[in-house]
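Asks: Quick check, what structure comes out for this input:
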Amino acid sequence: MAIEWVNLAERLGSDLHLELTGPGSRRAVLTRALRDAVRDGRLAPGTRLPPYRSLAADLGLARNTVADAYAELVAEGWLVARQGSGTRVASRAEPARQPRVPGKVPARPAPPLHDLRQGRPDAASFPRAAWLAAARRALNGAPSEAFGPGDPQGRPELRRALAEYLARARGVRTTPDRIVICSGFAHALRLLFGERVLRGPLAVESYGLAFHRAVLAAASVRTVPLTLDEHGARTTELAGLKGVRTALLTPAHQFPTGGPLHPERRAAAVDWARSCGGLILEDDYDGEFRYDREPVGAVQGLDPERVVYLGSASKSISPALRIGWMVLPEHLIAPVLAAKGEREAWAGVTDQLTLADFVDSGHYDRHVRRMRQRYRARRDRLVTTLAARAPHVATTGIAAGLHAVLRLPPGTERATVQAAARRSIAVEGLAGYRHPAAVMPAEDGLVVGYATPPDHAYGPALDALCRVLSR
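Replies: Residues are numbered from 1 along each chain as shown. Model (predicted):
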């Protein structure tokens with residue numbers, strides 16, 4: 001029998017295709033196709049099948065052929081037929097287990113019982129009601145052209161809202177036409193370096209996110225580490241780095257060790273960029289969350305033509321939004337847009353419109369203030385608990401951000417991380433953030449994300465961590 005593809009969407013309420021092929025009578029071929037659809041999960045338990053007459057007309061078969069196929073599958077237990085309810089897939093009809101294919105990537109391990117990894121805001125705190133209200137307002141008020149091909153620079157509504165917010169809250173000097181919307185910080189790095197808008201080598205801080213170094217390495221960018229101390233990166237070292245014309249810094253809150261970049265070092269970085277025609281990439285990953293200090297403005301405000309300001313909604317709202325922004329010097333706007341292209345590499349328009357309304361309506365400010373209070377309370381609880389139960393562990397980098405660094409006795413980091421893993425605690429060691437070429441002395445520590453667990457799980461997570469540290 002020739003292959004026929006039959007779309008049953010109108011009958012079943014979802015797209016499903018039956019492949020009628022192979023040897024045998026028309027009834028045997030149909031029976032096999034229906035059985036396979038149930039077995040592989042395309043027809044889920046409880047799905048109502050079309051009446052005999054409708055399916056027969058769709059397939060060009062006799063009504064009795066379809067009825068006989070249904071009856072055979074009912075007898076085998078694949079289907080159930082009840083008066084007035086039609087024929088449905090049996091609730092016990094489960095898809096067959098797929099055999100393990102050699103070389104296939106294994107399933108992900110079960111999530112940890114206690115998650116204290118950094119960089120993850122409390123997912124349970126996502127502002128659902130306010131976000132939904134903003135989405136309704138944004139979609140109702142959006143022009144029709146917003147749902148067309150779009151602009152790779154990003155929706156003008158969001159760029160206007162961000163220009164106002166960043167100027168007010170972070171001291172950024174910009175206009176909407178200097179902002180390019182992207183899908184997050186890593187996407188910005190790929191646009192800047194993967195498409196050769198900028199070239200290496202690139203100066204980075206001695207401690208940072210290994211994933212970002214991997215993104216740069218994939219773009220064949222060599223990174224050169226800057227020494228860190230209690231005042232942040234030693235930016236005076238930049239002048240001595242041969243061939244380096246770009247530096248990536250986290251001035252508001254060094255990642256992950258904590259602390260702002262000293263004012264003299266901020267000025268020194270800008271002076272270096274001016275003197276050599278270079279650029280500073282400013283990663284303002286959690287600039288809104290400060291607790292025990294005055295707000296630290298963006299370095300970009302010192303010289304908008306020598307600083308690329310990079311931010312995102314991943315820490316302030318949720319990493320699921322996949323929205324970030326680049327505030328660019330004028331000479332980089334056209335190259336970045338050319339690298340981004342006319343299609344595909346965009347954040348979703350509906351999310352952009354919603355975020356614009358969320359910011360304009362004041363909900364973003366209210367959400368950040370609310371989360372700042374919540375995270376400060378969590379940080380205080382972490383510090384108090386450790387002081388009482390693990391006083392030999394110093395807690396640093398806690399004036400801002402969503403994580404703290406716990407300083408451990410020399411030579412104990414690896415064993416502590418392993419002990420935590422055995423108790424199903426997800427926590428990371430400081431060594432994983434160290435640049436492979438860093439020359440500064442290594443220190444043992446844990447990077448603890450106190451924002452990650454939901455409220456009900458935070459206490460048990462701290463208790464489990466303290467049991468590990470007390471040993």
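
Asks: Could you list every helix and strand in contact with the helix or strand T31 falls within?
Replies: Element membership of T31, judged by DSSP states H and E, is helix 26-39. Here helix 26-39 touches strand 17-20, helix 63-76, going by 3 or more Cβ pairs under 8 Å, 6 or more residues apart in numbering; DSSP states H and E. The way it works is simple: take the backbone N, C-alpha and C, and place the C-beta from them, glycine included.

Asks: Which strands or helices does the first one pack on?
Replies: The one in question is strand 17-20. Using 3+ Cβ pairs under 8 Å, 6+ apart: strand 17-20 touches strand 4-7, helix 26-39.

Asks: tell me which residues of the longest one are tucked away?
Replies: For helix 26-39, burial by neighbour count (16 or more other Cβ atoms under 10 Å) applies to R26, R27, A28, V29, L30, T31, R32, A33, L34, R35, A37, V38.

Asks: what's the closest of these to R381?
Replies: Of all those, R381 sits closest to V38, with 51.7 Å by Cβ to Cβ.

Asks: what's near enough to touch the closest one?
Replies: L73, W78, L79, V89, A93 (Cβ atoms under 8 Å, 6 or more residues apart in numbering).

Asks: Where helices are concerned, which of these count?
Replies: L73 (DSSP state H).

Asks: if we can go back for a sec, for the buried residues of helix 26-39, which one is nearest T350?
Replies: Looking across the buried residues of helix 26-39 and measuring by Cβ to Cβ, the closest to T350 is A37, at 33.4 Å.

Asks: Give the closest residue to the closest one in space, chain neighbours not counted.
Replies: Leaving aside its sequence neighbours, A37 sits nearest to L43 (Cβ to Cβ, 6 or more residues apart in numbering; 4.4 Å).

Asks: One more: E195?
Replies: Counting by Cβ to Cβ, 6+ apart, A339 is the residue found nearest to E195 once chain neighbours are left out, at 3.5 Å.

Asks: Same question for S275.
Replies: A239 (7.8 Å).

Asks: That neighbour belongs to a helix, doesn't it?
Replies: Yes: counting by DSSP: H, G, I helix; E, B strand; the rest coil, A239 is found in a helix.

Asks: Wait, it touches D271, no?
Replies: No: judged on Cβ atoms under 8 Å, A239 makes no contact with D271 at a distance of 9.2 Å.

Asks: coming back round to it: can I get the buried residues of helix 26-39 in JSON lines including distance to S85 and pLDDT?
Replies: Formatted as JSON lines, the buried residues of helix 26-39 follow (distance: Cβ to Cβ, whole Å; pLDDT from 0 to 100):
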{"residue": "R26", "distance to S85": "27", "pLDDT": "88"}
{"residue": "R27", "distance to S85": "24", "pLDDT": "90"}
{"residue": "A28", "distance to S85": "27", "pLDDT": "90"}
{"residue": "V29", "distance to S85": "27", "pLDDT": "88"}
{"residue": "L30", "distance to S85": "22", "pLDDT": "89"}
{"residue": "T31", "distance to S85": "21", "pLDDT": "90"}
{"residue": "R32", "distance to S85": "25", "pLDDT": "90"}
{"residue": "A33", "distance to S85": "23", "pLDDT": "88"}
{"residue": "L34", "distance to S85": "18", "pLDDT": "89"}
{"residue": "R35", "distance to S85": "21", "pLDDT": "89"}
{"residue": "A37", "distance to S85": "20", "pLDDT": "86"}
{"residue": "V38", "distance to S85": "17", "pLDDT": "88"}
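
Asks: how about the helices and strands packed on strand 17-20, which one is nearest A247?
Replies: Closest among these, using Cβ to Cβ: strand 4-7, at 56.5 Å.
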